[in-house]
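> next one to model:
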Amino acid sequence: MGFGDLKTPAGLQVLNDYLADKSYIEGDVPSQADVAVFEAVSGPPPADLCHALRWYNHIKSYEKEKASLPGVKKSLGKYGPASVEDTTGSGTADAKDDDDIDLFGSDDEEESEEAKRLREERLAQYESKKAKKPAVVAKSSILLDVKPWDDETDMTKLEECVRSIQADGLVWGSSKLVPVGYGIKKLQIQCVVEDDKVGTDMLEEQITAFEDYVQSMDVAAFNKI
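Numbers count the residues shown, from 1 in each chain. The predicted structure follows:
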């Protein structure tokens, strides 16, 4: 396991790829795993590494709470993908392999049967490689503000109700209570959704259905990931 050297572009690229479908290094809430990896990064990742930058900014917001996050901090090599590919050479090799494929065949009119067979095999391999590339799933990170009726609302129960909402393409993340005045606190909770499956209208409809606890729901932040 491991990300490699997170102070290098190659290491940050591995981190970015790893976080493409994850909110955190481990699990569905920030933990000591995130702290360990965060401390190994020298600064904010570049804007083109959008998944790593989104994660970095989110974990940075817990700067004063790092010690209280759950889990036990392990060495950096204990986190990350099972294996780290050589990001400096693999892309070049793949491109070279593609370039070696003669899609139009030889100009030699007397092309041998062996050359034809080899060309057809390479074409088949090329098409197979393209077909295996996974489709990109559009996702968004949403921060919701869920407001109770008053200061007597059971906020623990309110959060349980919100997290009880389950749907394909919906993953709940971290949450916290934020004071809004007069002893009232709102629930601020993060989720990651697949855009084609879950929308903010659906979330609002289901959350506000818990009308004994919820007064209203607002979208505090919405970011494509």
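> contacts only, for residue 204.
Counting by Cβ atoms under 8 Å, 6 or more residues apart in numbering, residue 204 touches residue 217. For the C-beta atoms, the positions are set from N, CA and C on the backbone; glycine is no exception.
> for it, give me the pLDDT.
What the model reports as pLDDT for residue 204 is 94.
> now do the SS call for it.
Look at residue 204: counting by DSSP: H, G, I helix; E, B strand; the rest coil, its state is helix.
> distance of it from residue 116?
61 Å (Cβ to Cβ, to the nearest Å).
> which stretches in the chain count as strands?
For the chain, applying DSSP state E gives strands covering 139-148, 170-181, 184-194, 214-224.
> tell me how many other residues crowd residue 50.
Number of residues near residue 50 (other Cβ atoms under 10 Å) recorded here: 16.
> kindly report the same for residue 191.
Count around residue 191 with other Cβ under 10 Å applied: 22.
> list the residues that contact it.
141-142, 144, 170-173, 203.
> cutoff 10 Å now
23, 28, 140-144, 162-163, 165, 170-175, 198, 203 (Cβ atoms under 10 Å, 6 or more residues apart in numbering).
> if any of the residues you listed are buried, put those into a ChimeraX selection.
This is how ChimeraX selects the buried members of the contacts of residue 191, with burial counted by 16 or more other Cβ atoms under 10 Å:
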select :23,28,140,141,142,143,144,162,165,170,171,172,173,174,175,198,203
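> backbone dihedrals for the nearest residue in space to residue 214 that is not next to it in sequence, please?
The shortest distance from residue 214 to any non-neighbouring residue, by Cβ to Cβ, 6 or more residues apart in numbering, is to residue 208 (5.4 Å). For residue 208, the backbone dihedrals (degrees, to the nearest 10) come out as phi -70, psi -10.
> list the contacts of residue 208.
146, 214-217.
> one more time with 8 Å, if that's ok
214, 216-217.
> send me the longest helix anywhere in the chain as PDB with only the CA atoms.
Longest helix in the chain, counting residues (DSSP state H): helix 113-131. Below are the C-alpha coordinates for helix 113-131, written out as PDB (Å, rounded to 0.1, in the frame of the first residue of the first chain):
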ATOM      1  CA  GLU A 113      -0.600 -13.500 -44.700                       C
ATOM      2  CA  GLU A 114       1.500 -13.400 -41.500                       C
ATOM      3  CA  ALA A 115       1.600  -9.600 -41.600                       C
ATOM      4  CA  LYS A 116      -2.200  -9.500 -42.100                       C
ATOM      5  CA  ARG A 117      -2.800 -11.800 -39.200                       C
ATOM      6  CA  LEU A 118      -0.500  -9.800 -36.900                       C
ATOM      7  CA  ARG A 119      -2.200  -6.500 -37.900                       C
ATOM      8  CA  GLU A 120      -5.700  -8.000 -37.200                       C
ATOM      9  CA  GLU A 121      -4.500  -9.300 -33.800                       C
ATOM     10  CA  ARG A 122      -3.200  -5.800 -32.900                       C
ATOM     11  CA  LEU A 123      -6.400  -4.200 -34.000                       C
ATOM     12  CA  ALA A 124      -8.400  -6.600 -31.800                       C
ATOM     13  CA  GLN A 125      -6.100  -5.900 -28.800                       C
ATOM     14  CA  TYR A 126      -6.500  -2.200 -29.300                       C
ATOM     15  CA  GLU A 127     -10.300  -2.400 -29.500                       C
ATOM     16  CA  SER A 128     -10.400  -4.600 -26.400                       C
ATOM     17  CA  LYS A 129      -8.200  -2.100 -24.500                       C
ATOM     18  CA  LYS A 130     -10.500   0.800 -25.400                       C
ATOM     19  CA  ALA A 131     -13.600  -1.200 -24.400                       C
END
